[in-house]
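Chemist: one predicted model, sequence on top.
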Amino acid sequence: MAKHPVLTLLAAFAVTRALAVEVEPIPAPAPPAGPVVLLTTHALDGHGGTLEGANIEIANGRITSIEARPAGAAIDLRGYTVLPGWIDTHVHLDSHWDRNGRIATEDEPRMEAAMGIALAGWDTLMAGFTTVQTVGDPTEQPLRDAIRDHGFPGPRVLTSLAWIAGTPETTPDELRAMVRERKAQGADLIKITASSSQRVGATPTFTEAQLKILCDEAKAVGLRPMVHAYRSQVAAAARAGCHQVEHATYATPEELEVAVAAGMFISPQVGIVVQNYIENQDRYLGVGNYTEEGMAIMERDMPLDFELCRLVAQMPDAKLVFSTDATAGAHGRNAEEFIGRVEYCGLAPMQALVSANKIAAEALGMADELGRLAPGYQADIIALDGNPLEDLTAVRRVVFVMRGGVVYKWTGGNAR
């Protein structure tokens with residue numbers, strides 16, 4: 001256990017904190033100056049194209065060429081499928097199992113909670129997800145900062161910190177103050193719960209006018225507003241000018257069309273979240289709103305998620321973005337959503353993959369940084385054992401992970 005890279009670094013941070021030594025902040029290690037060349041036979045560029053025989057040169061954490069001369073340091077990825085690291089726009093890294101194998105609660109010791117969150121990030125990175133948007137808890141902020149500022153191993157993390165919740169009686173000034181507070185706390189986006197949980201009725205919690213106030217204020221302070229919404233709240237969020245809607249279960253075709261026409265990024269989840277809850281329900285039951293009745297509702301209505309996803313996939317101009325809502329038990333299995341989207345939404349494998357590259361990068365406002373194999377982009381690159389366009393289960397077989405030019409996983413061979 002002590003040899004695990006995440007746990008080893010956590011221990012080092014803990015010792016420094018315990019000693020309370022006055023020292024300068026630990027700077028982030030610079031990515032390798034390079035250049036290093038990844039030799040490939042088959043690659044997907046993240047925008048729906050393929051690259052045959054590309055030699056991808058990387059220096060200082062970025063791609064500098066895809067037609068490099070194979071000289072000097074090289075990693076031989078020939079025989080694998082190479083593509084940009086995936087982006088999951090909705091996870092919950094704070095959700096993890098405690099020492100007893102149950103869903104962790106606020107009563108968990110802080111160090112154990114920190115290890116659980118860090119391991120969730122590590123498992124996600126090892127599964128090929130080099131960037132995630134984790135939307136729901138302030139405890140995710142230290143992990144984001146440690147990865148970004150100190151070279152802690154994990155995916156690039158964006159976080160909303162705590163989501164914004166309220167009632168129809170919450171005043172406009174209170175709503176704006178909530179958004180400004182998240183901004184001041186260091187949030188990367190604003191997460192708004194416009195509906196109660198599906199497990200307790202999926203009922204509205206904000207009016208459309210309140211959603212407009214929240215989303216306008218989020219944009220005014222430079223943050224993207226993401227909305228957790230069911231039923232008619234999907235169209236309400238779209239009319240309110242919000243950026244991304246999650247779940248959307250029970251929305252009508254007409255309500256979905258409103259969201260598509262507004263240019264919202266839409267993400268029903270079909271491949272892992274409900275399946276994971278049902279598979280692990282004994283670990284969840286008895287905490288919060290995790291009840292047998294709530295689990296039964298999710299399982300009963302899962303076909304509605306499939307149908308909704310099919311509807312969105314068939315709508316011209318729909319921005320169907322990749323997200324999993326991964327919680328404890330699903331971290332590191334995020335790629336199951338690809339398989340679900342092909343099986344239940346009717347997407348072609350390439351469409352499913354692009355939703356976690358090009359479209360996800362656009363949803364994050366990072367389309368010129370992430371999600372593409374092209375000069376100037378971040379060197380977030382993975383390799384699969386197999387061709388996912390021919391056998392989609394290859395997404396489960398990630399053999400190589402590079403983020404920002406740093407190799408975190410390579411099980412298929414040796415660099416030369």
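Modeler: Sure, I can see it.

Chemist: just for this structure, where's the confidence low?
Modeler: 1-23, 413-416 (pLDDT under 70).

Chemist: just the C-alpha atoms of stretch 63-70, please, in CSV.
Modeler: What follows is stretch 63-70, C-alpha atoms only, in CSV (Å, rounded to 0.1, in the frame of the first residue of the first chain):
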residue,chain,number,x,y,z
ILE,A,63,2.2,18.6,-29.0
THR,A,64,4.6,20.3,-31.3
SER,A,65,4.1,18.1,-34.4
ILE,A,66,2.3,15.0,-35.7
GLU,A,67,4.7,14.5,-38.5
ALA,A,68,8.0,14.4,-36.6
ARG,A,69,11.1,12.6,-37.6
PRO,A,70,11.5,9.6,-35.2
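
Chemist: can you point out the buried residues in that stretch?
Modeler: For stretch 63-70, a neighbour-count test (16 or more other CB atoms under 10 Å) marks 63-66, 68 as buried. Using the backbone N, CA and C atoms, a C-beta is placed for each residue, glycine as well.

Chemist: try stretch 377-389
Modeler: Neighbour counts over stretch 377-389 (16+ other CB under 10 Å) mark 377-384, 386, 388 as buried.

Chemist: kindly report the same for stretch 106-125.
Modeler: So, applying 16+ other CB under 10 Å, buried residues of stretch 106-125: 108, 113-125.

Chemist: who's in contact with Asp137?
Modeler: Asp137 is in contact with 92, 94, 161-162, counting by CB atoms under 8 Å, 6 or more residues apart in numbering.

Chemist: just the residues you listed now: which is nearest Ala218?
Modeler: Leu161 (12.9 Å; CB to CB).

Chemist: how about Thr130, what does it touch?
Modeler: By CB under 8 Å, 6+ apart, the contact set of Thr130 is 85-87, 155-156, 380, 382, 401-403.

Chemist: list just the nearest of those to Leu44.
Modeler: Nearest member of the contacts of Thr130 to Leu44, counting by CB to CB, is Ile382, at 10.2 Å.

Chemist: on the three-state scheme, the closest one is what?
Modeler: strand (DSSP: H, G, I helix; E, B strand; the rest coil).

Chemist: domain-wise, how is the protein divided?
Modeler: 36-84+372-410, 86-363 (automatic domain parsing).

Chemist: how long is the longest one from one end to the other?
Modeler: Right, domain 86-363. The first and final residues of domain 86-363 sit 13 Å from each other (CA to CA, to the nearest Å).

Chemist: ok, back up a step: most neighbours, which of the contacts of Asp137?
Modeler: Leu161 (24 neighbours; other CB atoms under 10 Å).

Chemist: quickly find the element holding it.
Modeler: Leu161 belongs to no helix or strand when assigned by DSSP states H and E.

Chemist: which residues touch it?
Modeler: Contacts of Leu161 (CB under 8 Å, 6+ apart): 137-138, 140-141, 182, 185-187.

Chemist: hmm, Gly34 and Val406 touching each other?
Modeler: No. In this structure, Val406 is not within contact of Gly34 by CB atoms under 8 Å, at 11.0 Å.

Chemist: returning to that earlier point: quick one: the domains of the chain as CSV, columns for distance to Ala28 too.
Modeler: Below are the domains of the chain laid out as CSV (distance: least, CB to CB, whole Å):
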stretch, distance to Ala28
domain 36-84+372-410, 10
domain 86-363, 5
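
Chemist: of all those, which one is nearest Pro27?
Modeler: For Pro27, the closest of those is domain 86-363, at 7.5 Å, according to CB to CB.

Chemist: so what's the gap between the closest one and the chain middle?
Modeler: Distance, stretch centre to chain centre, for domain 86-363: 8 Å (CA atoms, centre = their mean, to the nearest Å).

Chemist: make JSON lines out of the buried residues of stretch 63-70 and add secondary structure and distance to Leu364.
Modeler: Putting the buried residues of stretch 63-70 into JSON lines (DSSP: H, G, I helix; E, B strand; the rest coil; distance: CB to CB, whole Å) gives the following:
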{"residue": "Ile63", "secondary structure": "strand", "distance to Leu364": "18"}
{"residue": "Thr64", "secondary structure": "strand", "distance to Leu364": "23"}
{"residue": "Ser65", "secondary structure": "strand", "distance to Leu364": "25"}
{"residue": "Ile66", "secondary structure": "coil", "distance to Leu364": "23"}
{"residue": "Ala68", "secondary structure": "coil", "distance to Leu364": "28"}
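
Chemist: how about these in a markdown table, adding distance to Ser355?
Modeler: Formatted as a markdown table, these follow (distance: CB to CB, whole Å):
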| residue | distance to Ser355 |
| --- | --- |
| Ile63 | 21 |
| Thr64 | 27 |
| Ser65 | 27 |
| Ile66 | 22 |
| Ala68 | 29 |
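
Chemist: and of those, the nearest to Phe206?
Modeler: Looking across the buried residues of stretch 63-70 and measuring by CB to CB, the closest to Phe206 is Ile63, at 42.0 Å.

Chemist: and that closest one, what is it in contact with?
Modeler: 56-57, 373-379, 381.

Chemist: could you dump the residues you listed into a markdown table and include distance to Ala238 and secondary structure?
Modeler: Output for the contacts of Ile63, formatted as a markdown table (distance: CB to CB, whole Å; DSSP: H, G, I helix; E, B strand; the rest coil):
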| residue | distance to Ala238 | secondary structure |
| --- | --- | --- |
| Ile56 | 39 | strand |
| Glu57 | 42 | strand |
| Leu373 | 33 | coil |
| Ala374 | 32 | coil |
| Pro375 | 36 | coil |
| Gly376 | 33 | coil |
| Tyr377 | 30 | coil |
| Gln378 | 31 | strand |
| Ala379 | 36 | coil |
| Ile381 | 35 | strand |
